[in-house]
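# Prediction below, plus the sequence it came from.
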Amino acid sequence: MQIAQKLYQGIEIEGDTVGLITYMRTDGTNLSADAVSDFRNFIKNEYGNEYLPENPNNYSGKKAKNAQEAHEAIRPTDINRNPDSVKKYLSSDQQKLYSLIWSRALSSQMETAKFDRNTITIESEDGKTICKSSGSVLKFDGFLKVYSNQSKDDDEQILPEMSKGPINIEALIDEQHFTQPPPRYSEASLVKKLEELGIGRPSTYASIISTIANRGYAEIVNKRFFPTDRGKLISAFLEKLFSKYVDYNFTAGLEDQLDEITSGKESWLKVLEMFWKDFNSNVTEVKEKRTREVLDLLNESLGVLIFDTDKEGKIVRKCQLCDTGSLSLKNSFRGGAFIGCSNYPECKFTRPLSKAKAAAQSQLAEPKFLGKHENGNDIFLKMEDLVLIFSMRKFLRRISKKKNLKKEKKPRKRNLRKMNY
């Protein structure tokens, strides 16, 4: 948003400060009549009549729920100022954002792309082996001429044009495919889901996404959101103890109530009173629960996410060290949540909350079996033994240094001056 703000306020171009885009904090989907006219003239001159629709494209019926359309859609202030012409005046991030706004705004007034739905079938001579592939063949690129950034979530396969006849197979790649789970949310797919659920509004989506990342609820890896241990814990805690307030319908309903308050149809005091009455009762009820009760609820909720399972899919919570204790979620004020044994302090088995992290640290698990003693007992190396060894080494080194300093210390020489009185 800061980059967009800079493009809106103005960039220094040949001694003048020029605003490159219109107001960016808007939910509007319509363009002004003057902008549409400029866009259509540019498309006709640069790409030809075949890319120009007969009538201007109108997106007024596609506005998002709760949209506040006080301004027109984000667009370049001058469509003739293409990204290449201003590239030398912009930073890398500014260039990318301006190019995105320019191409999307212009492509919105271009002709649609046209595809043919095809299925390619390759059959062996004996008819026993049949290979099929379904997808689309691009017949006319339309708006893709300008904006060709296809979504990675789109599973549509673009096929080349082919004609019927014999083929030569140069290579055969044998691959087995399994059913894949739904892809993790990206920023774009998360916003799309929020729109479907009626949660938030376009002007607040950026702050929602930044809050998720900044508070450590999820981390972004390859532009995908992956929940952190903190995010999993908080989500499970809220679903078990504040289920009403994390329900999609409650959040969407509250959005509608806020809109009614804005329009004057509802009293904010009444809405706040109704909310606070139930919420305060819920908080009081949760505060009375013991820590052990809350942890048991989280163990049940997180289940397979934090504990191992057997071949039948049942959760295994037996301690691997003492064989009698039960693994459970525990909390440390310094280190956060972890998995520990119920027989603590007799059994000091611990591991990270995440099973993936636990597997990565399996080589460093405590205690580590070293072998058998001559009397037949097992020998284990525990972390506390290592800490003691290292502490003793540091202590002995400190003593040794002090002794060496005392040996090397010599009497300090002073220059005495004769004083005449």
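Great, that's in hand. Numbers count the residues shown, from 1 in each chain.
# From G253, how far off is the residue lying closest to A252 once chain neighbours are set aside?
Once flanking residues are discounted, A252 sits nearest to G198: 3.8 Å by C-beta to C-beta, 6 or more residues apart in numbering. Quick note: C-beta positions are derived from backbone N, CA and C, even for glycine. Using C-beta to C-beta, to the nearest Å, G198 is found at 9 Å from G253.
# And these two? Which one has more around it.
For G198 versus G253, the count of surrounding residues by other C-beta atoms under 10 Å is larger for G198: 17 against 12.
# right, and that one touches L254 too?
No. Checked against C-beta atoms under 8 Å, the pair G198 and L254 is beyond contact range at 10.3 Å.
# In the protein, what residue spans correspond to helices?
2-9, 33-47, 83-86, 92-107, 187-197, 205-214, 229-241, 248-262, 268-287, 291-302, 355-360, 383-408 (DSSP state H).
# Identify the residues contacting I74.
For I74, the contact set (C-beta atoms under 8 Å, 6 or more residues apart in numbering) comprises A4, I21, T22, Y23, M24, T26, I101, A105.
# of all those residues, which comes closest to K232?
Among those, A4 lies closest to K232 (C-beta to C-beta), at 32.8 Å.
# what sits against the spatially most central residue of the chain?
Centroid-nearest residue in the chain: F225, 2.3 Å away (criterion: C-alpha atoms, centre = their mean). Contact analysis of F225 by C-beta under 8 Å, 6+ apart lists R184, Y185, S186, L190, I212, A218, E219.
# Just grab the bridge partners of the residue lying closest to it once chain neighbours are set aside for me.
The spatial neighbour of F225 that comes closest, neighbours along the chain excluded (C-beta to C-beta, 6+ apart), is A218 at 4.4 Å. Using DSSP bridges, the bridge partners assigned to A218 are P227.
# number of nearby residues for A218?
Neighbourhood size, A218 [other C-beta under 10 Å]: 20.
# same deal with Y59?
12.
# which residues does it contact?
Listed by C-beta under 8 Å, 6+ apart, the contact set of Y59 reads T29, N30, A73, S108.
# please redo it, this time with the cut-off set to 6 Å
Residues near Y59 by C-beta atoms under 6 Å, 6 or more residues apart in numbering: T29.
# go on, A105?
By C-beta under 6 Å, 6+ apart, the contact list for A105 reads R75.
# that older thread, relative to G48, which of the contacts of I74 is nearest.
Looking across the contacts of I74 and measuring by C-beta to C-beta, the closest to G48 is A105, at 19.2 Å.
# From M162, how far out is the residue nearest to the centre of the chain?
F225 sits 39 Å away from M162, taking C-beta to C-beta as the criterion.
# Low-confidence regions, the stretch 301-421 of the chain specifically.
Across the stretch 301-421 of the chain, the ranges flagged by pLDDT under 70 are 332-336, 354-370, 378-421.
# 80 instead?
The stretch 301-421 of the chain contains residues with pLDDT under 80 at 301-318, 320-325, 329-338, 345-346, 348-421.
# quick one, domains of this structure?
Domains of the chain are assigned by automatic domain parsing as 2-107, 115-138+151-164, 187-288, 294-365.
# Regarding the second one, how distant is the last residue from the first?
Put plainly, it is domain 115-138+151-164. End-to-end distance of domain 115-138+151-164 (C-alpha to C-alpha, to the nearest Å): 19 Å.
# Could you check it and say which residues are buried?
Neighbour-count burial for domain 115-138+151-164 flags F115, G135, L159 (criterion: 16 or more other C-beta atoms under 10 Å).
# Run through the bridge partners of the first one.
It stands for F115. Here F115, judged by DSSP bridges, has bridge partners L138.
# wait, doesn't it sit right on F140?
No. Applying C-beta atoms under 6 Å, one finds F115 not in contact with F140, separated by 8.5 Å.
# sorry, back to before: among the contacts of F225, which one lies nearest to M274?
I212 (27.9 Å).
# so who does the residue nearest to that closest one when sequence neighbours are not counted touch?
Nearest residue to I212, sequence neighbours excluded (C-beta to C-beta, 6+ apart): A218, at 5.2 Å. By C-beta under 6 Å, 6+ apart, the contact set of A218 is I212, F225, P227, G231.
# how much space between A218 and L298?
18 Å.
# Quick check: N57 vs L97, distance?
According to C-beta to C-beta, N57 and L97 sit 23 Å apart.
# Kindly apply the preceding question to D126 instead.
57 Å.
# And Q9, by the same measure?
14 Å.
# of the two, who's got more company?
The neighbour comparison of Q9 against L97 (other C-beta under 10 Å) goes to L97, with 20 against 11.
# Let me see the contact set for the closest residue in space to the more buried one that isn't next to it in sequence.
Closest residue to L97 apart from its sequence neighbours, by C-beta to C-beta, 6+ apart: I3 at 5.3 Å. If you count contacts by C-beta under 6 Å, 6+ apart, I3 has them with D93, Q94, L97.
# picking up where we left off before, okay if I get the helices of the chain as JSON lines plus distance to C131?
Output for these, formatted as JSON lines (distance: least, C-beta to C-beta, whole Å):
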{"stretch": "helix 2-9", "distance to C131": "47"}
{"stretch": "helix 33-47", "distance to C131": "38"}
{"stretch": "helix 83-86", "distance to C131": "42"}
{"stretch": "helix 92-107", "distance to C131": "36"}
{"stretch": "helix 187-197", "distance to C131": "31"}
{"stretch": "helix 205-214", "distance to C131": "42"}
{"stretch": "helix 229-241", "distance to C131": "42"}
{"stretch": "helix 248-262", "distance to C131": "43"}
{"stretch": "helix 268-287", "distance to C131": "58"}
{"stretch": "helix 291-302", "distance to C131": "44"}
{"stretch": "helix 355-360", "distance to C131": "37"}
{"stretch": "helix 383-408", "distance to C131": "57"}
